[in-house]
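A.B. asks: I would like the atomic coordinates for the input below:
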Amino acid sequence: MSQRGIFLDVGPGEKRGVVTLSGRPERLLLEREGVGAGEGLGARLVGRVRAVDAAAGLAFVDLGNGREGVLNFTKETGRPVQGAAMEVEVRAEARRGKTATLRALGTAEGPPRILAAAPGLEARLQAFAPDAEIRLGAAARAMADLAQDEAMASDFPLPGGGQIWIEPTRALTAVDVDLGGRAADSPKKAARAANLEALAEAARTLRLKGLGGLVVVDLVGRAHDPAALLAAARTAFAPDNPGVALGAVSRFGTLELTIPRRARPVVEDLADESGAATPLTLGLALLRALEREALADPGGRFVGVAPAPLVEAARAALVTLNGRVGARLDLRAEAPRGGTPFEVVRA
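C.D. replies: Residues are numbered from 1 along each chain as shown. Alright, predicted model coming up:
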């Protein structure tokens, strides 16, 4: 029976939570200092209706500090009044190119503001495995590093050979199944086994990346067994319920499904639109490297060398880290040697 475990890595500038499925990363949760406290799933706010689009059934709500959300309304729920204050809850977090989706809780008074922040990382992590103990320390750091590397990857090997490729676009996420050099008694058996494994692996990695919406799986081979594939897909994507919807296997050999969008895709916090790690992601990795050296050598003084954007992104969290290890770490804006994103040298 598959078991889920949970890990919490508390590092300089961020916490990283990982849910594992049978020992492999399944979800990665980030909580970065000063980022998104009022925009997380479940946060309650007072907002003010900025505009109403009656034809589309949408209200655009000012949440303060440059944040905005969209509220769906119907004849039954009633049409919000432009300029009115409302209490709302975040039911889907903002993501790249999209504002947060809100749920109306009632009328309110006063300016836009946060009433209750979203649940913290520990609470969200424990909700995925209520009976599991949160693991900390070196094991959590190693698992978080592995989860982060996998979340930023685009190709994933299948247990019996072959691989899948995951490519998100504005409209949908494409999953391509590649048979590779998979061995079997016949090509048909090889394709069937690869497709069944691919559905399980796609479900895991999409959860790890935090991707939802429309997903199209390009299956390998021909003459598919639709009943077996749909049964496998229902099992693989069951943890994403409620709200998963599966389509039939098409004559083109694709399987379409939709996964509810709730949390912001973690891959959007880790990487830019090109898939490259952001300066903040690399800057926090640099701080973890500095922390590792400082703990290994309690009397040593170390400098993190990196391009200016990484240094600036890491500067604020360095203050906290120095408070923990004794003010013996520094950052220097300079090109590191060897073509690496950063390096740690002795002061």
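
A.B. asks: how about the most centrally placed residue in the chain, what does it touch?
C.D. replies: The centre of the chain sits closest to residue 266, judged by CA atoms, centre = their mean, with a distance of 2.0 Å. By CB atoms under 8 Å, 6 or more residues apart in numbering, the residues touching residue 266 are 28, 29, 30, 151, 208, 209, 210. (C-beta placed from N, C-alpha, C; glycine too.)

A.B. asks: Just the buried subset of those, written out for PyMOL, thanks.
C.D. replies: To isolate the buried members of the contacts of residue 266 in PyMOL, using 16 or more other CB atoms under 10 Å:
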select buried, resi 28+29+30+151+208+209+210
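
A.B. asks: for this protein, which helix is longest?
C.D. replies: Criterion DSSP state H: the longest helix present in the chain is helix 187-209.

A.B. asks: What residues sit buried inside that helix?
C.D. replies: Quick answer for helix 187-209 (16+ other CB under 10 Å): 190-209.

A.B. asks: repeat for stretch 224-233
C.D. replies: Of the residues in stretch 224-233, 224, 229, 230, 232, 233 count as buried by neighbour count, 16+ other CB under 10 Å.

A.B. asks: any idea how far it is from the chain center?
C.D. replies: 28 Å (CA atoms, centre = their mean, to the nearest Å).

A.B. asks: do stretch 119-131 as well
C.D. replies: That offset, for stretch 119-131, works out to 15 Å (CA atoms, centre = their mean).

A.B. asks: Repeat that for stretch 5-21.
C.D. replies: 12 Å.

A.B. asks: so residue 177 is in which element?
C.D. replies: Using DSSP states H and E, residue 177 falls within strand 173-178.

A.B. asks: Quick check: which helices or strands does that strand pack against?
C.D. replies: strand 163-168, helix 187-209, strand 213-218 (3 or more CB pairs under 8 Å, 6 or more residues apart in numbering; DSSP states H and E).

A.B. asks: CSV for the ones you listed, including distance to residue 252 and mean pLDDT?
C.D. replies: Putting the helices and strands packed on strand 173-178 into CSV (distance: least, CB to CB, whole Å; pLDDT from 0 to 100) gives the following:
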stretch, distance to residue 252, mean pLDDT
strand 163-168, 17, 94
helix 187-209, 14, 92
strand 213-218, 8, 95
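
A.B. asks: and of those, who's closest to residue 18?
C.D. replies: helix 187-209 (9.0 Å; CB to CB).

A.B. asks: Render the CA-only coordinates of the closest one in PDB, please.
C.D. replies: C-alpha atoms of helix 187-209 as PDB (Å, rounded to 0.1, in the frame of the first residue of the first chain):
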ATOM      1  CA  PRO A 187       5.100  -3.500 -29.100                       C
ATOM      2  CA  LYS A 188       1.400  -3.500 -28.000                       C
ATOM      3  CA  LYS A 189       2.300  -4.800 -24.600                       C
ATOM      4  CA  ALA A 190       5.100  -2.400 -24.200                       C
ATOM      5  CA  ALA A 191       2.900   0.600 -25.200                       C
ATOM      6  CA  ARG A 192       0.100  -0.600 -22.800                       C
ATOM      7  CA  ALA A 193       2.500  -0.900 -19.900                       C
ATOM      8  CA  ALA A 194       4.200   2.500 -20.700                       C
ATOM      9  CA  ASN A 195       0.800   4.300 -20.900                       C
ATOM     10  CA  LEU A 196      -0.400   2.900 -17.600                       C
ATOM     11  CA  GLU A 197       2.900   3.900 -15.800                       C
ATOM     12  CA  ALA A 198       2.800   7.200 -17.600                       C
ATOM     13  CA  LEU A 199      -0.600   8.100 -16.100                       C
ATOM     14  CA  ALA A 200       0.600   7.400 -12.600                       C
ATOM     15  CA  GLU A 201       3.900   9.400 -13.100                       C
ATOM     16  CA  ALA A 202       2.100  12.300 -14.800                       C
ATOM     17  CA  ALA A 203      -0.300  12.600 -11.800                       C
ATOM     18  CA  ARG A 204       2.600  12.700  -9.400                       C
ATOM     19  CA  THR A 205       4.700  15.200 -11.300                       C
ATOM     20  CA  LEU A 206       1.700  17.500 -12.100                       C
ATOM     21  CA  ARG A 207       0.900  17.600  -8.300                       C
ATOM     22  CA  LEU A 208       4.600  18.200  -7.600                       C
ATOM     23  CA  LYS A 209       4.700  21.200 -10.000                       C
END
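
A.B. asks: and it, what does it pack onto?
C.D. replies: Judged by 3+ CB pairs under 8 Å, 6+ apart, helix 187-209 is in contact with strand 24-32, helix 137-151, strand 163-168, strand 173-178, strand 213-218, helix 226-236, helix 266-270.

A.B. asks: what's the closest of the ones you listed to residue 55?
C.D. replies: Short answer: strand 213-218, nearest of the helices and strands packed on helix 187-209 by CB to CB, at 23.6 Å.

A.B. asks: Return the list of strands paired to that closest one, each annotated with direction.
C.D. replies: Its sheet considered, strand 213-218 pairs with strand 173-178 (parallel), strand 254-259 (antiparallel) by DSSP bridges.
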